[in-house]
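Participant: need coordinates for the following:
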Amino acid sequence: MEAYRIGDHVIAADTEEDARHFYKDEVGKDPPAAVEELIVSVEVPAGEGKTATIRDLINKIMDERNDWLRMGVPCDLHYPFIVAKL
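Facilitator: Numbering: from 1, shown residues only. Alright, predicted model coming up:
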């Protein structure tokens, strides 16, 4: 998955188009014309005054989704998600 900055959100998605659709559906706004692809080694807020790299946050969510799959719970592994709000 790649990371895209749309407005003040960092979204993980397979493609920029997926990130744009997710942003519109989940945030409820039209995405701006310019979407920035981020390097996954960039640090972003991780809650409670902490920071983490985008890669670490994406890996955490992907591990959680893999756990659901191992338990037999249907889960779309590559469904976009919000990594952080800047």
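Participant: which helix is the longest one in the protein?
Facilitator: Counting residues, the longest helix found in the chain (DSSP state H) is helix 54-70.
Participant: okay, buried residues for stretch 13-30 please.
Facilitator: Using 16 or more other CB atoms under 10 Å as the test for burial, stretch 13-30 gives 13, 16, 18, 19, 20, 22, 23, 27. (C-beta placed from N, C-alpha, C; glycine too.)
Participant: surely the fourth one touches residue 13?
Facilitator: Same thing as residue 19. Yes - Residue 19 is within contact range of residue 13, at 3.9 Å (criterion: CB atoms under 8 Å).
Participant: quick check: beta-bridge partners of the residue most central in space within the chain?
Facilitator: Central residue check for the chain by CA atoms, centre = their mean: the C-alpha nearest the mean position is that of residue 12, 2.7 Å away. In this structure, residue 12 bridges to residue 3, residue 81 when assessed by DSSP bridges.
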